[in-house]
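[1] Quick check, what structure comes out for this input:
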Amino acid sequence: HPLFLLTNGWHGTIADDVLGVVSGRGDGLPAVVLLTSLMLYNCRAGRAGLPGYLLSGLLAQVLKHAFDMPRPPAVFEHVHVLGAALRRSLLGRIGGLLASGALVVPTLGVALAPSFAVLLAMRAGGRSALLDSWAAQRQLALERRRLALQGALVAMLEQRLAAGEASSLDVTRERIRRNRVELELRDLERRRAEARVQLATAIGIPVSALQGAALSFEAFEMPPALGSDVATGELRRQALLQRSDVQARLAEYAAAQAALELQIANQYPNLTLGVGYTYDQGDNKYTLSPAAELPVFNQNQGPIAQAEARRAQAAARFTALQAKIIGEIDAASADYRGAERSLATARALAAQEKRREEQVLRSFRAGAADRPALLGAELQLAAARLARFGAGVAQRRALGRLEDALHSALFERQAPLPVPEHSPRLASEHIHE
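    Below is the predicted model:
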């Protein structure tokens, strides 16, 4: 015990560096280099030494596991240990090669992430343009009905004004309302044209190709009903684990982990064998050139620290992305719930105006109400239906934002697409001929 502590106390910086390299040569790599060199000059002698190397390595492992004998650092206190407590042998180099190969798949996943993001953006753009086109088309029908009722009311009041039964102030007020509705109608026509252009741009075709095309709005006519746990249920869990950007960050972290394992493996000598062939005056000459990288001093600690820092950065970016996704899902879910409440209120108001319109209609048939009162009730019902439809459009837009946050199809998942039997290009050329 005193002799060991006395010997262990004689150490210095230069001696630690030199003895660390000398002691590390017991990992089996020098034996492999010597056997390889021997096989270049005498293949039979090299093959004869290979079983001895394998047998000695196997015997050493058996003895280590058969006899549980603690090493000095586990028994003595205040022992100067050179290097790490456990060091990998030749298997560490094999692990390094595997780690370098493991870099390929995660790096490929990181490279493919922008492609998935582009596909999702294209899908969101196409859905938004199709929703705008559907909304403009439906709103045009409602506004035309409202304009017809407003025009009928103005015409009736003008007749009464000519007969002296209405004031010019009432006629002017209704004319202003009719002009406002007509301007809104023209604005809706402009928005419908813009929506068709955006839809054509989103799917990559000229807008003239949409002329005469029958577009299906079934997914917007009957949107899916979501459960109350959409922000905390299975869809949220899938988004936090299966979104393409999450998978890209996980692949980035896996690549950083593989790079760290490679740098850890590089703290041991790296043996490289270069194979060559030459044809010299009818002779086939084969060469085997061994080379080795010897991390003598710092055992590759600098690149290992850099790899650890890059792995920590990848972990931080993944955590930040998940926090961002949680915020997006919560915001989209709150927006959707608010839109649902607004739609319910708009439906209740529209039902109330419908009952009032029916009541005025019964009074008109009974002679207790005149035609302008009936037209006013119908105008109020048309305005309530237009507001209800606007709330429905807002609810569908909120559903689209929730779909984008979850990266999961919430509208119609499988739209039936007809497959033409002949090329449309050939049919178009035949028509022009």
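
[2] CA only for contacts and neighbour counts going forward, please
    Fine.

[3] Assign a three-state SS to the nearest residue to residue 336 once chain neighbours are set aside, would you?
    Once flanking residues are discounted, residue 336 sits nearest to residue 398: 4.9 Å by C-alpha to C-alpha, 6 or more residues apart in numbering. Under DSSP: H, G, I helix; E, B strand; the rest coil, residue 398 falls in the helix class.

[4] All the helices of the protein, in order from the start?
    Per DSSP state H, the chain carries helices over the ranges 2-9, 13-24, 29-41, 43-66, 72-75, 90-102, 104-163, 168-203, 218-221, 234-242, 244-265, 301-365, 371-406, 424-432.

[5] Select, out of the ones you listed, the one closest to residue 286.
    Nearest to residue 286 among the helices of the chain is helix 29-41 (9.9 Å), distances taken as C-alpha to C-alpha.

[6] State the distance from the residue nearest to residue 336 to residue 118.
    From residue 398 across to residue 118, the span is 21 Å (C-alpha to C-alpha, to the nearest Å).

[7] who has more neighbours, the two?
    residue 398 (22 against 11; other C-alpha atoms under 10 Å).

[8] from the helices of the chain, which stretch is densest packed?
    Of all these, helix 244-265 carries the top mean neighbour count, a mean of 23, counting by mean count of other C-alpha atoms under 10 Å.

[9] Could you check the angle it makes with helix 301-365?
    170 degrees (axes from the mean of the first three to the mean of the last three C-alpha atoms, to 10 degrees).

[10] hey, C-alpha coordinates of helix 244-265 in PDB?
    This file holds the C-alpha atoms of helix 244-265, laid out as PDB (Å, rounded to 0.1, in the frame of the first residue of the first chain):
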ATOM      1  CA  SER A 244     -42.200  17.300 -40.100                       C
ATOM      2  CA  ASP A 245     -40.300  20.100 -38.400                       C
ATOM      3  CA  VAL A 246     -40.200  18.100 -35.200                       C
ATOM      4  CA  GLN A 247     -38.800  15.100 -37.000                       C
ATOM      5  CA  ALA A 248     -36.200  17.400 -38.600                       C
ATOM      6  CA  ARG A 249     -35.100  18.700 -35.200                       C
ATOM      7  CA  LEU A 250     -35.000  15.100 -33.900                       C
ATOM      8  CA  ALA A 251     -32.900  14.100 -36.900                       C
ATOM      9  CA  GLU A 252     -30.600  17.100 -36.300                       C
ATOM     10  CA  TYR A 253     -30.200  16.000 -32.600                       C
ATOM     11  CA  ALA A 254     -29.400  12.400 -33.800                       C
ATOM     12  CA  ALA A 255     -26.800  13.700 -36.200                       C
ATOM     13  CA  ALA A 256     -25.200  15.800 -33.400                       C
ATOM     14  CA  GLN A 257     -25.200  12.700 -31.200                       C
ATOM     15  CA  ALA A 258     -23.600  10.600 -33.900                       C
ATOM     16  CA  ALA A 259     -21.000  13.300 -34.500                       C
ATOM     17  CA  LEU A 260     -20.200  13.400 -30.700                       C
ATOM     18  CA  GLU A 261     -19.800   9.600 -30.700                       C
ATOM     19  CA  LEU A 262     -17.500   9.900 -33.700                       C
ATOM     20  CA  GLN A 263     -15.300  12.500 -31.900                       C
ATOM     21  CA  ILE A 264     -15.200  10.300 -28.800                       C
ATOM     22  CA  ALA A 265     -14.000   7.400 -30.900                       C
END
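
[11] looking just at contacts, which helices and strands does it meet?
    helix 90-102, helix 104-163, helix 301-365 (3 or more C-alpha pairs under 8 Å, 6 or more residues apart in numbering; DSSP states H and E).

[12] any idea how far the closest residue to residue 335 other than its chain neighbours is from residue 328?
    Spatially, and ignoring its direct neighbours in sequence, residue 335 is nearest to residue 398 (6.0 Å; C-alpha to C-alpha, 6+ apart). Counting by C-alpha to C-alpha, the gap between residue 398 and residue 328 amounts to 12 Å.

[13] Ok, residue 156 next?
    53 Å.

[14] One more: residue 349?
    31 Å.

[15] Then residue 131?
    The gap separating residue 131 from residue 328 is 21 Å, by C-alpha to C-alpha.

[16] Next: residue 317.
    16 Å.

[17] So for residue 398 and residue 328, which residues contact both of them?
    With C-alpha atoms under 8 Å, 6 or more residues apart in numbering applied, the contact sets of residue 398 and residue 328 do not overlap.

[18] nearest to residue 281, of the helices and strands packed on helix 244-265?
    Closest approach to residue 281 among the helices and strands packed on helix 244-265 is made by helix 90-102 (38.1 Å; C-alpha to C-alpha).

[19] Average pLDDT for that closest one, rounded please.
    Averaged across helix 90-102, pLDDT comes to 45.

[20] which stretches of the stretch 201-350 of the chain have low pLDDT?
    Scanning the stretch 201-350 of the chain with the threshold set as pLDDT under 70 gives 227-232, 269, 271, 273, 292-297.

[21] Quick check: residue 363 touching residue 373?
    No. Counting by C-alpha atoms under 8 Å, residue 363 sits too far from residue 373 to count as a contact (9.8 Å).

[22] Read off the pLDDT value for residue 352.
    94.

[23] That one and residue 345, how far apart?
    11 Å.

[24] quick one on the thing from earlier: can you pull the contacts of the residue nearest to residue 336?
    Residue 398 neighbours (C-alpha under 8 Å, 6+ apart): 332, 335, 336, 339.

[25] What of residue 224?
    So residue 224 contacts 410, 411 (C-alpha under 8 Å, 6+ apart).

[26] The nearest residue to residue 310 once chain neighbours are set aside: what's it in contact with?
    Closest residue to residue 310 in three dimensions, ignoring its sequence neighbours and counting by C-alpha to C-alpha, 6+ apart: residue 256, at 6.4 Å. Applying C-alpha under 8 Å, 6+ apart to residue 256 gives the contacts 307, 308, 310, 311, 314.

[27] Need the distance between the two termini of stretch 210-226.
    Using C-alpha to C-alpha, the two ends of stretch 210-226 sit 32 Å apart.
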